[in-house]
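Engineer: Here is a sequence with its predicted model. Questions after.
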Amino acid sequence: KSDVRIHIKHHYKSKTYTCGSRLEGNVVITTTKDVAFDTVEILLIGSSRTRTEGYSTPHESVHTFLKLSMPVDTASYPTSRVLEAGQASAIPFHFVIPDFLTLSACHHKVDSDHVRNHHLCLPPSMGWWARENWEKDDLAPHMAEVEYSIKARVVARPDASGRRPKLMEGAKAIQVLPVFAEEAPLNIGSRDSLYRMAKSKTLRKGLISGKLGKLTVSGQQPRAIMLRPDGRVANDAMAQLDLRFEPASGDAQPPKVTGVSAKITAHTYYSASAINDIPNTGDWMRAGTTDRRGVYSTSVALRTPNLTNAPWGSHRVRRDSGYGSEPSPTSSVSCSSDECDDAEASRPLNAQRRRRSSGTLANLLHQKTAATPTAVTLYHMAAIQLPIDLPTDKRTFVPSFHSCIVSRIYTLHVTVRVDAGTNTTLSLDLPLQIGVE
């Protein structure tokens, strides 16, 4: 049987390559009969592929973002330019995976240089074929994939029309996990519907009971989870959740945190045409009414420790008031409940002693307003440190990336459960980056 086989030195099925990795080996060609040829082309190809629903049939788009050609020394060819039957011909090759793509890889219109810079980074291997080598699920749909391969083609001599027919071809797929440095946190606005950075609820003891107060859970984007070039986690990541309880009355106590759960959601964006913005910001799906685009989201539960012992701390917000007094800025002072009560009881007497002066009408008015009790509002704060432990033993988490027709980003979905007489849950969706060292 005639075939073209590609052998890479020190290669194995699940091996991962990154920026700067060397790919050395041989293309071995065998034939069952003598074959005259002109050249052998050896290429390193990187391409992304999307499948979207068309008007009558599915539409497939292919974007080749990387194409490196290996110059072949003519001394490697048989002198007669004929592949002899039963004789194996070996042609060496050598590639280095680049750090960035050339400008020709992304020549479509984009909204900003920031988008262009993303599109000129190598995307990671992803998709159904990649899972055959990752040996674990990479959370990608069949509608989007990124493939790297080394291809070798035996090309015939030009015919009368000048065409150079392809006689034989072989390919070998490889896994590429490029470097992705940690980026600055996203600036989340009201139009960014994918994220929820804070959530508030009014708490009650029962359905017909009065209000206990308002509970707010908020969070920020955690530090990026960095992977090693082999795909294993390199650092410990932590998400902080801040809880604030504003009681409706002075005797209302903060609720008890009964549990915290988390899951990581992978969002894969894909489009039949070039993407000119960052799809996870704004309302990208709603904007795509004229072109074929989609998003596939799937979640993986994270292991979370017992985080039910979050301690509450009491704080005081003081707003001074009164006619004729100088305006005082709002201040926040940490205190216990007893300290706050003592401060509230002693403040009017102290204010009278400070402001007592002459017997003019203005001073009398000043004394009256200074003697008005200062309003003291208590609120309670608690913080939860949530470790983010990726289950890399069962899943492959490719880094966050944006390319011309495919993107992958992650969100951290966190649910906090509290008990204030009735069970209440509050959920957040925080941005989360996965990078590669």
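Structural biologist: Perfect, thanks for sending it. This is a predicted model, so every value here is computed, not measured.

Engineer: Which strand or helix spans residue 261?
Structural biologist: Under the criterion of DSSP states H and E, residue 261 resides in strand 256-271.

Engineer: just how off-centre is that strand within its chain?
Structural biologist: The chain centre lies 11 Å from the centre of strand 256-271; the measure is Cα atoms, centre = their mean, to the nearest Å.

Engineer: what helices or strands is it leaning on?
Structural biologist: In terms of contacts (3 or more Cβ pairs under 8 Å, 6 or more residues apart in numbering; DSSP states H and E), strand 256-271 is packed against strand 39-52, strand 144-155, strand 237-247, strand 293-301, strand 375-388, strand 406-419, strand 423-432. For every residue, glycine as well, the C-beta is placed using N, CA and C.

Engineer: which stretch in those strands is the model least sure about?
Structural biologist: Per-stretch mean pLDDT for these is lowest at strand 375-388 (a mean of 87).

Engineer: In CSV, could you pull the C-alpha coordinates for that one?
Structural biologist: Provided in CSV are the C-alpha atoms of strand 375-388 (Å, rounded to 0.1, in the frame of the first residue of the first chain):
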residue,chain,number,x,y,z
ALA,A,375,-28.5,58.7,63.5
VAL,A,376,-26.5,55.5,63.8
THR,A,377,-27.1,52.7,61.3
LEU,A,378,-25.6,49.2,61.9
TYR,A,379,-24.6,46.8,59.2
HIS,A,380,-22.8,43.5,59.3
MET,A,381,-20.0,42.2,57.0
ALA,A,382,-18.6,38.8,56.3
ALA,A,383,-16.0,37.5,53.8
ILE,A,384,-15.7,34.0,52.3
GLN,A,385,-12.5,32.8,50.7
LEU,A,386,-13.5,30.2,48.0
PRO,A,387,-10.7,28.0,46.6
ILE,A,388,-11.0,27.2,42.9
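
Engineer: related to what we said a few turns ago, please tabulate the helices and strands packed on strand 256-271 in CSV and include distance to residue 190 as additional columns.
Structural biologist: Listed next are these as CSV, based on distance: least, Cβ to Cβ, whole Å:
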stretch, distance to residue 190
strand 39-52, 29
strand 144-155, 29
strand 237-247, 20
strand 293-301, 20
strand 375-388, 25
strand 406-419, 17
strand 423-432, 14
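
Engineer: Need these in TSV (columns: distance to residue 65 and mean neighbour count).
Structural biologist: Shown next, in TSV, are those (distance: least, Cβ to Cβ, whole Å; neighbours: other Cβ atoms under 10 Å):
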stretch	distance to residue 65	mean neighbour count
strand 39-52	5	20
strand 144-155	9	22
strand 237-247	29	18
strand 293-301	18	15
strand 375-388	31	17
strand 406-419	10	22
strand 423-432	25	18
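
Engineer: what residue ranges in this structure score low on pLDDT?
Structural biologist: For the chain, the stretches with pLDDT under 70 are 1, 129-134, 286-290, 318-376.

Engineer: Show me how it divides into domains.
Structural biologist: Split into domains by automatic domain parsing, the chain comes to 3-176, 198-311+380-436, 321-373.

Engineer: Distance to residue 192 for the ones you listed - can I get that in a markdown table?
Structural biologist: As requested, these are exported to a markdown table (distance: least, Cβ to Cβ, whole Å):
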| stretch | distance to residue 192 |
| --- | --- |
| domain 3-176 | 15 |
| domain 198-311+380-436 | 5 |
| domain 321-373 | 29 |
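
Engineer: Out of these, which gets nearest to residue 186?
Structural biologist: domain 198-311+380-436 (4.9 Å; Cβ to Cβ).

Engineer: Only C-alpha atoms, please: export stretch 32-48 in PDB.
Structural biologist: The C-alpha trace of stretch 32-48 is given here as PDB (Å, rounded to 0.1, in the frame of the first residue of the first chain):
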ATOM      1  CA  THR A  32       3.700   0.000  -4.500                       C
ATOM      2  CA  LYS A  33       4.800   1.200  -8.000                       C
ATOM      3  CA  ASP A  34       7.200   3.600  -9.400                       C
ATOM      4  CA  VAL A  35       5.900   7.200  -9.100                       C
ATOM      5  CA  ALA A  36       7.400  10.200 -10.900                       C
ATOM      6  CA  PHE A  37       7.000  13.400  -8.900                       C
ATOM      7  CA  ASP A  38       8.200  17.000  -8.800                       C
ATOM      8  CA  THR A  39       8.400  18.100  -5.200                       C
ATOM      9  CA  VAL A  40       7.400  17.100  -1.700                       C
ATOM     10  CA  GLU A  41       5.700  19.800   0.400                       C
ATOM     11  CA  ILE A  42       5.900  19.700   4.200                       C
ATOM     12  CA  LEU A  43       3.700  22.100   6.000                       C
ATOM     13  CA  LEU A  44       2.800  23.000   9.600                       C
ATOM     14  CA  ILE A  45      -0.900  24.000   9.500                       C
ATOM     15  CA  GLY A  46      -3.100  25.600  12.100                       C
ATOM     16  CA  SER A  47      -6.800  26.100  11.300                       C
ATOM     17  CA  SER A  48     -10.100  26.700  13.000                       C
END
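
Engineer: Let the chain start at 577 from now.
Structural biologist: Yes, from this point I'll number from 577; that puts the last item at stretch 608-624.

Engineer: Sounds good, over and out.
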